[in-house]
Each structure stands twice: as structure tokens, then as C-alpha cells.
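**Q** Fold the following for me, if possible:
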Amino acid sequence: MEARTVRDDPDAGADVDGEDTKTRDPDRDRGWSSRSRHVVLPRVALGVVLLVLASLPLFLAPYPIGLAGRMLAFALLVISVDLLTGVTGMPTLGQVAYFGTGAYTAGLVGIHITDNGFVQVAAGVGAAAVLALFTGAIAVRTSGIVFLMVTLAIGELVHQVADSLSVVGASNGLAGIPAVTLVPGGEPLLLAGYVYWWVLGVFLVGLLVAYLVLKSPLGRSMRGVRDGEQRLHAIGQHTYPVKLAAYVVAGGIAGAAGTAWVAQTRFFSPGDLGFDVAAFALLSVVLGGAGTLWGPAIGAAVVVLVRDWLSAYVDGKGALMLGVLFVVAVYTLPRGIAGARWRRRSATGRDTA
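**A** Predicted coordinates for the structure are as follows:
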């Protein structure tokens, strides 16, 4: 019986799945594996993070739950700063103005109109976005250090108005804000866990809006302004509408952060609009990694953790520890916490920053 060679046998080059091994791309399987790794693993990680965040009230006491809620609210403020600073290339110190506008609006609506949380969020976001539209119409005509100083002036102006306006309690702050409810005539959210879940919901919606903006044509235009505004001018594209739209969106998200903050503290004062809050928000973007969403959120969590929790164990020197942390981070993580991941991947030759 004559033996057949591979060349003579048309089926000899097929594997058990019926695929022609002679024409198979040796890198294809690895490519599919790499694609799965870069698509599936981040989604799995996101699901795990969301599950952990949602389950925190089941395991933690009221104080750490309140601390976690403040982290989420401050993280949403930092994300709004990142939309301007990291994505659009417009460093800002004025987002606390819209943060405070959202908080005061939600508080006043809760006291005088309704304690429904959805109405308060809608009113706070709307008021913050309108203020951002009017103030941003002037601010975005500038750039660089001038824009930074203009936004600082906007923040200080709102701070001074809140400090002298009796309708919001002036320097004493706005107190007596009722607990939010979810349905008309429903039970107020008094337990720390329920309030935390409400804050988590506001945070996730704000994060989703920021993500959708980044993936939209507006987000691409914002990155274009950051990477080469003069090039856009050279090809005839007007950047003013892009910058103003980014400013309004960021202002609305900052307003949502203010409503989430006041929903759990049920008190808001001009001290929450101080320069230190604006500076910590901007530095959180630097610490976490400008231009990403999850990096600044982690940076915000670190700031709140050091300022509000660790500070009690170091005789109130939390601000000093934050200063040291930022200096160390600038030298050891020049691209922030998020940038450390990309640097590690590029060092292996599999990806580039």
C-alpha cells in the first residue's frame, strides 16, 4: 500500500476543526487573545469595582460609609475639572463655583419646594450649567495662565457672594436641609447606606455623561483643542463653541457633584467653596492622571481619605501630608496614577504611552 504525502493528501493540512493549517496566520490566535484581554478584562474589572462600591453599606459602619459618599461626590467634581484640564487642555480653579451653585440650589429646593432627590439634582445641574454658560462665554475667550486666573476669579466671586447672601445663610451656611426622598410622599433617606446608594447613583450617571462626551464628536474636538488649537484654526475650525460646550458640560457635572455632596451632609457653607477645595480638585487630576476618568477619581479618593480620615491620626496635619504626597507624586508619577499603568505596559513593548 502506497503511503501518501501531505502534498498528495488534500485533507492532511486540515486540523481537527477543519481549518487549513497551511494558511493559518500564526499570530491570529494571539491577536484574538490580546483583543479579548484588552476588551473583556477592563469590563470585568469595572463590574467588580461597581459590585464592591454597591456592597459597601452591607459591611461598613455609618462613618466610613459617609466618608465613601464624600469621596464619590468629590470625585465627580474632580472629573468635571479633568474634562477641562486633562481633556480640553484648559486648567481651571473655578469648578467649585458650579459645585457650590448645584449644592445651594439643591438645598434651597429641598427647604422651600420639594425634598425629592431627582428634582433637586435636575435643579442643581440646570443652575450650574446656566451659570457656566454665562461665565464661560467670557472665560473661554482666554487661554493658558489667563484662563486659570479668570476661573480662579469666578470661584472667588461666587465664594464671596455666598458668604454675604442671607438667603443661603451667608457665612453661617445653609442648614436645615431635609433628607431626600425618591418618590413624592415617600420615606426620606435617613440611613447612611441609603444615602450612600443615592450618591453612588448620581456619581455613576455623572461619570456616564462624562464618558459619553469623551466618545462623542465633541470629545474628539476637545482633545483637538488640547493637542493643537492653532492647527484647528489653520484649517478653519472655530474652537470657541467647542470650549464653551466643554465648559458648560463640566459645569453641569460639577453641579451634580454639589447636589450629591449636600444630599449626605445636609449642610453647605462658603467654606466648601474655598480656594483649598479648588486647589485639591486640580491637584487630584494631576495625582490621578490628567485626561482619564478613573485616574482623577482615584486621586480624589486619596485626597478625601488623607484630608478627612488620616488627618485625625496625625494631629490635623492632613494638608501637610497632602502637600508632601503631591510633591512625591510629581517626581515619581509624572503622568499620575493612571499613567503608571501605561508606562508599565510600554516597558514590555506591548503598548506605548
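
**Q** C-alpha only now, for contacts and for neighbours.
**A** Noted.

**Q** how about the helices in the stretch 201-350 of the chain?
**A** Assigned by DSSP state H, counting those that start in this stretch, the helices in the stretch 201-350 of the chain fall at 217-234, 240-265, 275-288, 294-304, 318-332, 336-347.

**Q** Which of those sits closest to residue 195?
**A** Closest approach to residue 195 among the helices of the stretch 201-350 of the chain (CA to CA): helix 240-265, 6.2 Å.

**Q** Quick one: list the elements packing against the closest one.
**A** For helix 240-265, the packing partners by 3 or more CA pairs under 8 Å, 6 or more residues apart in numbering; DSSP states H and E come out as helix 62-82, helix 95-112, helix 117-139, helix 192-215, helix 217-234.

**Q** Just send those back as CSV, with mean neighbour count too.
**A** Shown next, in CSV, are the helices and strands packed on helix 240-265 (neighbours: other CA atoms under 10 Å):
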stretch, mean neighbour count
helix 62-82, 26
helix 95-112, 28
helix 117-139, 22
helix 192-215, 19
helix 217-234, 17
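
**Q** Mind putting those helices into JSON lines with distance to residue 245 and mean pLDDT?
**A** Converted to JSON lines, those look like this (distance: least, CA to CA, whole Å; pLDDT from 0 to 100):
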{"stretch": "helix 62-82", "distance to residue 245": "13", "mean pLDDT": "94"}
{"stretch": "helix 95-112", "distance to residue 245": "15", "mean pLDDT": "95"}
{"stretch": "helix 117-139", "distance to residue 245": "8", "mean pLDDT": "96"}
{"stretch": "helix 192-215", "distance to residue 245": "10", "mean pLDDT": "95"}
{"stretch": "helix 217-234", "distance to residue 245": "8", "mean pLDDT": "87"}
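
**Q** looking at those helices, which is closest to residue 176?
**A** Among the helices and strands packed on helix 240-265, the nearest to residue 176 by CA to CA is helix 95-112 (7.3 Å).

**Q** Taking helix 62-82 as reference, get the angle to that closest one.
**A** Calculated by axes from the mean of the first three to the mean of the last three CA atoms, to 10 degrees, helix 95-112 forms an angle of 130 degrees with helix 62-82.

**Q** Could you identify which of the helices of the stretch 201-350 of the chain is most buried?
**A** Highest mean neighbour count among these (mean count of other CA atoms under 10 Å): helix 240-265, with a mean of 27.

**Q** could you give the mean pLDDT of that helix?
**A** Regarding helix 240-265, the rounded mean pLDDT is 95.

**Q** quick one: it to helix 95-112, angle?
**A** If you take the same axes, to 10 degrees, helix 240-265 sits at 50 degrees to helix 95-112.

**Q** Check the offset of helix 240-265 from the chain's centre.
**A** Taking CA atoms, centre = their mean, to the nearest Å, one finds the center of helix 240-265 at 11 Å from the center of the full chain.

**Q** next one: stretch 168-180
**A** Per CA atoms, centre = their mean, the centroid offset for stretch 168-180 relative to its chain is 26 Å.

**Q** Quick one: residues in contact with stretch 211-222.
**A** Residues outside stretch 211-222 that contact it (CA atoms under 8 Å, 6 or more residues apart in numbering): 87, 88, 242, 243, 246, 293.

**Q** that older thread, for residue 79, which of the helices of the stretch 201-350 of the chain is the nearest?
**A** Within these, the stretch nearest residue 79 is helix 294-304; the backing value is 6.4 Å (CA to CA).

**Q** Can I get that closest one as CSV, trimmed to CA atoms?
**A** Below are the C-alpha coordinates for helix 294-304, written out as CSV (Å, rounded to 0.1, in the frame of the first residue of the first chain):
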residue,chain,number,x,y,z
TRP,A,294,-10.8,56.7,36.5
GLY,A,295,-7.4,58.2,37.4
PRO,A,296,-8.7,61.5,38.7
ALA,A,297,-11.4,59.7,40.6
ILE,A,298,-8.8,57.6,42.4
GLY,A,299,-6.8,60.8,43.1
ALA,A,300,-10.0,62.4,44.6
ALA,A,301,-10.5,59.4,46.8
VAL,A,302,-6.9,59.6,48.1
VAL,A,303,-7.3,63.3,48.8
VAL,A,304,-10.5,62.9,50.8
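
**Q** Please consider this matter closed, and thank you.
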